[in-house]
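>>> Below is the structure, and that's it, no one-letter string:
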């Protein structure tokens, strides 16, 4: 428990300082950290981020001044008391020992007192927290207000869904295996699942319990990939046909890139301006035995990479606030600032303006985000249609695109398919 708390509090400190949670968890635990401890660290940090609104409320309730140097340790410990099977005394005792390990021996008595006081007053604290919106909804107050203003009666439900643990969802590689055949394999292996149709014969397979990817039948052989149900609907919306020339403008980490190649025999170019992240696309392509042209480039800087040939299909899976995937990336809701939304919107318009001219007549551009905020979605569609008179929304996308709200089985996504007329 001591090593778990020691690493977890350091990870949480990094996240609260603005670092990416996924990257922090890949770097902080040492190579010699046992796998069980790594899993416990991951649970503690993800959980603390997911419930940070309540944890901060509880700490403020218990301490008149923030205990510098051990604040993140106390937050992790309160999370462990509330949401793990660890014995309360073990959590408290470990936190006292970690305080000393961190060089704050003089604060060890304070840490002990705060946590024991929490155990005594937890019902009182929870009652008070029920009246505090940040503690109740586990999001910053500006985020809560924006969601309620924009989503109306769906707002609170959307916030609640983001607190759920994400499902492990699989995409079947239809080039190699029919979805129903894969389901039969899971039945034989005794792996419980639910299948949700995405389109036609395509199905997202949602596992009832987490399974290590190496134990998923066919994963290492490229028969299946891990991809959220909502994300699995993206490439399908491109209406791909064999022979199409296709651009994936913001490709990393490659889930949608590989899905495109599984759906049709196309000439695909995939771009990303982050060389390290583009390496993950290469890894995914290799596992699935697929290939395409890869380039490290900023898609909006067309002159730096375009060869002058128009595209039949372009996917703009644009950088965004990631407000639709906070159950999977709970650090996002605390690292984002309200002003960031405007900056993402500017970047998205730059991408759309630059890439629309590369679409051939009769071709299509799919604009996609994992955001639920209107500024990045419906407002962008209205702006785009007002700016480009040769653009029309495809049937089925209403007046301003299709928003998929976070649900029991999916993250939040937005899609708008434009046709060049």
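Structure received. Source: prediction; values computed, not measured.

>>> Assumed residue 367 was part of a helix.
No: using DSSP: H, G, I helix; E, B strand; the rest coil, the assignment for residue 367 is strand, not a helix.

>>> List the beta-bridge partners for it.
Residue 367 has these beta-bridge partners by DSSP bridges: residue 316, residue 416.

>>> What segments of the stretch 151-300 of the chain are helices?
Using DSSP state H, counting those that start in this stretch, the helices of the stretch 151-300 of the chain run over residues 155-161, 179-189, 229-236, 255-263, 275-288.

>>> quick one, which of those helices is nearest to residue 28?
The closest of these to residue 28 is helix 275-288. By Cβ to Cβ, the value is 17.7 Å. Quick note: C-beta positions are derived from backbone N, CA and C, even for glycine.

>>> quick one: buried residues of the closest one?
For helix 275-288, burial by neighbour count (16 or more other Cβ atoms under 10 Å) applies to 278, 279, 280, 281, 284, 285, 288.

>>> ok, the nearest residue to residue 345 once chain neighbours are set aside to residue 251 distance?
Excluding the flanking residues, the one nearest residue 345 by Cβ to Cβ, 6 or more residues apart in numbering is residue 375, at 5.1 Å. Noted for residue 375: a distance of 24 Å to residue 251, by Cβ to Cβ, to the nearest Å.

>>> Over to residue 34?
35 Å.

>>> Show me which of the two is the more surrounded one.
Higher neighbour count among residue 34 and residue 251: residue 251, with 29 against 11, using other Cβ atoms under 10 Å.

>>> Nearest spatial neighbour of the more buried one, chain-adjacent residues omitted?
Leaving aside its sequence neighbours, residue 251 sits nearest to residue 270 (Cβ to Cβ, 6+ apart; 3.8 Å).

>>> And residue 382, by the same measure?
Leaving aside its sequence neighbours, residue 382 is closest to residue 400 (5.8 Å, by Cβ to Cβ, 6+ apart).

>>> what kind of secondary structure is that neighbour in?
Secondary structure for residue 400, judged by three-state DSSP, is coil.

>>> Residue 189: neighbour count?
Using other Cβ under 10 Å, the number of residues around residue 189 comes to 12.

>>> That one against residue 211, yeah?
No: counting by Cβ atoms under 8 Å, residue 189 does not reach residue 211; the two are 9.5 Å apart.

>>> measure residue 99 to residue 88 for me?
For residue 99, the distance to residue 88 equals 17 Å [Cβ to Cβ].

>>> quick one on the thing from earlier: who are the contact partners of the residue nearest to residue 382?
Going by Cβ atoms under 8 Å, 6 or more residues apart in numbering, residue 400 touches 377, 378, 381, 382, 393, 416.

>>> In strands, which of the residues you listed fall?
Counted as lying in strands by DSSP state E, out of the contacts of residue 400, are 393, 416.

>>> most neighbours, which of the contacts of residue 400?
For these, neighbours tallied by other Cβ under 10 Å; top is residue 377, 29 neighbours.

>>> That one: what's it in contact with?
For residue 377, the contact set (Cβ under 8 Å, 6+ apart) comprises 369, 371, 400, 401, 403, 414, 416.

>>> ok, which stretches of the stretch 301-421 of the chain are helices?
332-335, 340-356, 378-387.

>>> Residues contacting the last one, please?
By Cβ under 8 Å, 6+ apart, the list of residues contacting helix 378-387 from outside reads 345, 348-349, 352-353, 356, 367, 391-393, 400-401, 403, 414, 416, 418.

>>> what does the first one give?
With contact meaning Cβ under 8 Å, 6+ apart, helix 332-335 is reached by 15-16, 18, 49, 52, 138-140, 143, 162, 321-323, 325-326.

>>> just the buried members of the residues you listed?
Neighbour-count burial (16+ other Cβ under 10 Å) applied to these gives 15-16, 49, 52, 138-140, 143, 162, 321-323, 325-326.
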